[in-house]
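no FASTA, just this:
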């Protein structure tokens, strides 16, 4: 990114002054190295987002931001329905509520040493992964609607999890306002046999070791100690979300003229929050969020079953589940005044700070766990939200209580598959004690660890910028790659 | 000249088809999309699927055409290695030949979520060749 276009506000905050159609400034959270390495498209997309009707305060980019669709991936923007604000399908994306959850296992690294290979095989057998993979569940039309309304709560009612899990999921595993009638038959058809599947691309299930504790005072209430084994699951909802994105993008592109919205980029297709189309999308998108939450709950059930087969002493308890492609209605303080806003986080994680009333009592004083997935050969991190505020209302200095979501790619799939062979990556990681299981060697090459930015640099920048606190570092032991 | 190629996008991948007619460019763009997943040369043409889409804007028609195949691939668990397009007054009728996905033989690299409006362009160049391209989200 050409830094001459940006004002440096601090070592980790850069401002793009409003110009032309921009209604608010753009703000980029990154150190100088990350900001310089960002694509110029991030700046261009941020300026486009800043020009949308009803945007509040600023359009934000997280330290892992890269070129996305309309919104940069790693983009955050909030809109006020009282001020003509919009909801933007591109600001949520195709992979609605894609996210990560991390589970404790109650085990240490040494406990699985003898059975590591068996555990990898059991997980690979249990977790349907890759293109065309299907789950064991077939939903009737009525079940599908109940799942879309009920989210992880529905999954727990069906026997796929426990009440205790729900405490550790955003919105207790179910967002209000989901409207299955706004989800097309095509979308439901695509999801019919995909519940309890991982998907492909950058989605994975990893067994990880806690290799460093950075903040013991927060690690303790999170239940994390050095040497602990945890499981992290990164995935979304598959076909239903992809089809909702496709359906509504098209409808919003066609309707933009009717709503008198001039689109700087067709991918920014949006509709006023106070319009029939805006409300329909919100209803469908929320159904998509519930579907993703149900899917991760079912995957957790399959993971617990695989562990029980090989290591019956394991106790898989949920630390937390975060989503990173969402639009959520939240209350924030703007100039000291509480306002209900619709916060889009595209490739960004909600990061509520200490004291937020939505957090379960055991986590409230520490702040919300923020899970940052790395690539299969590097590290992942557990952070803690640090946004300040009272009574659940946060000030906007923390990008509406948001943080980064991952490393972000530094190289395209095309480049990666030309540079690396999947087999070499699997063998190289095996020599380092990391077992990879995947249906596709080419998929592994495209997801090579070297094709991603340095996740540690991203996390350090997020911490230095005050978006979140660094709590623990996780290193992969087993990776089931979609 | 008829053919396809991929172009780079940081997180995803671009598909570009070209041909002597607009229909051929669309056929090749769909083939480029199959190649994002697997080598089209290894996909047998065992059965044929018929689709239709409509849009007065040729660029939105391309997005629709590709999304139609993304849907068909997903619900039929198939890959397609030959396409045929008939265009008349903004209405597209298409055929695709392919077979059921075989994880071992096809080694599918990635699942496509949707065709996007990013880098979306449909145009005819000076020598008369038609081009159709966009980025697909994987």
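That came through, no problem. If you're wondering where the values come from, they're calculated on a predicted model, not measured in any experiment. Numbering: from 1, shown residues only, chains lettered A, B, ... in the order given.

drop to CA atoms for contacts and neighbour counts, all remaining ones
OK.

what about residue A:302, which helix or strand?
For residue A:302, the host element (DSSP states H and E) is helix A:276-310.

Now look at that helix and say if it contacts chain B.
No: Helix A:276-310 is not in contact with chain B by CA under 8 Å from any CA of the partner chain; minimum separation 14.1 Å.

Check stretch A:48-63 too.
No: interface with chain B: stretch A:48-63 contributes nothing (CA under 8 Å from any CA), its closest point being 13.8 Å away.

start to end distance for that stretch?
19 Å (CA to CA, to the nearest Å).

Repeat that for stretch A:329-348.
15 Å.

Any residue of it touching chain B?
No: with CA under 8 Å from any CA as the criterion, chain B is not reached by stretch A:329-348; the gap is at least 11.8 Å.

Any buried residues in that stretch, and which?
Applying a neighbour-count criterion of 16 or more other CA atoms under 10 Å in any protein chain shown, one finds A:330-334, A:339-348 buried in stretch A:329-348.

from those, which is closest to chain B?
Closest approach between the buried residues of stretch A:329-348 and chain B, by CA to the nearest CA: residue A:347, at 11.8 Å.

And the residue nearest to that closest one when sequence neighbours are not counted, how close does it get to chain B?
Leaving aside its chain neighbours, residue A:347 sits nearest to residue A:74 (4.4 Å; criterion: CA to CA, 6 or more residues apart in numbering or on different chains). Residue A:74 is 12 Å from chain B, where distance means CA to the nearest CA, to the nearest Å.

hang on, the earlier thing: centre of the chain to the helix holding residue A:302, how far?
The gap between the average C-alpha position of helix A:276-310 and the chain average comes to 13 Å, counting by CA atoms, centre = their mean, to the nearest Å.

now for it, which elements pack on it?
If contacts are counted by 3 or more CA pairs under 8 Å, 6 or more residues apart in numbering or on different chains; DSSP states H and E, helix A:276-310 sits against strand A:86-88, helix A:116-126, helix A:141-157, strand A:228-235, helix A:239-255, strand A:270-272.

packing partners for the last one?
By that I understand strand A:270-272. Contacts defined by 3+ CA pairs under 8 Å, 6+ apart place strand A:270-272 against strand A:86-88, helix A:239-255, helix A:276-310.

before we move on, what about the second one?
With contacts defined as 3+ CA pairs under 8 Å, 6+ apart, helix A:116-126 has these neighbours: helix A:276-310, strand A:435-437, strand A:468-481.

what does chain B put close to chain A?
B:7-13, B:67, B:71, B:74-75, B:77, B:101, B:103-104, B:107-111, B:113-118, B:137-138.

Go again with 7 Å.
When proximity is defined as CA under 7 Å from any CA of the partner chain, chain B approaches chain A at B:8-13, B:74-75, B:77, B:103, B:107-111, B:113-114, B:117-118, B:138.

Just the buried subset of these, please.
The buried subset of the residues of chain B next to chain A (16+ other CA under 10 Å) comprises B:9-13, B:74-75, B:77, B:107-111, B:113-114, B:117-118, B:138.

just checking, residue A:461 touches residue A:34?
No: if you go by CA atoms under 7 Å, residue A:461 and residue A:34 don't touch, sitting 8.4 Å apart.

quick one, what contacts residue 40?
Using chain A here. By CA atoms under 7 Å, 6 or more residues apart in numbering or on different chains, the contact set of residue A:40 is A:1, A:2.

could you do chain B instead?
Applying CA under 7 Å, 6+ apart, the residues contacting residue B:40 are B:34, B:81.

give me that answer again for 8 Å
Residue B:40 makes contact with B:31, B:34, B:80, B:81 under the criterion CA atoms under 8 Å, 6 or more residues apart in numbering or on different chains.

Helices along chain B, start to end?
Using DSSP state H, the helices found in chain B span residues B:22-37, B:58-76, B:103-106.

deepest of the ones you listed, which one?
Highest mean neighbour count among the helices of chain B (mean count of other CA atoms under 10 Å in any protein chain shown): helix B:22-37, with a mean of 26.

Quick one: list the elements packing against that helix.
strand B:3-8, strand B:13-19, helix B:58-76, strand B:78-88, strand B:130-137.

Look up the pLDDT of residue 125 for me, please.
Using chain A here. According to the predicted model, the pLDDT of residue A:125 comes to 95.

was after chain B, sorry
Residue B:125 is assigned a predicted lDDT (pLDDT) of 97.

re earlier: what strand or helix carries the residue nearest to residue A:347?
Taking DSSP H and E as the criterion, residue A:74 maps to strand A:73-79.

What strands line up against that strand, and which way round?
Note on strand A:73-79: by DSSP bridges, its sheet partners are strand A:55-66 (antiparallel), strand A:337-346 (antiparallel).

looking at chain B, which helix or strand does the model trust least?
Least confident helix or strand of chain B, by mean pLDDT, DSSP states H and E, is helix B:103-106 with a mean of 90.

hmm, who's touching that one?
Here helix B:103-106 makes contact (CA under 8 Å, 6+ apart) with A:439, A:440, B:38, B:39, B:42, B:43.

So which of those is the closest to residue A:202?
residue A:440 (12.4 Å; CA to CA).

dump the residue contacts of residue B:17.
Counting by CA under 8 Å, 6+ apart, residue B:17 has contacts B:2-5, B:24-32, B:131-133.

beta partners for it?
Beta-bridge partners of residue B:17, as defined by DSSP bridges: residue B:4, residue B:132.

for chain B, what are the nearby residues on chain A?
Within chain A, the positions lying close to chain B (CA under 8 Å from any CA) are A:66-70, A:94-95, A:130-132, A:186, A:189-190, A:199-201, A:238-239, A:242-243, A:245-246, A:266-267, A:409-415, A:439-444.

center of chain A - which residue?
With distances taken as CA atoms, centre = their mean, the residue of chain A nearest its centroid is residue A:324 (2.5 Å).
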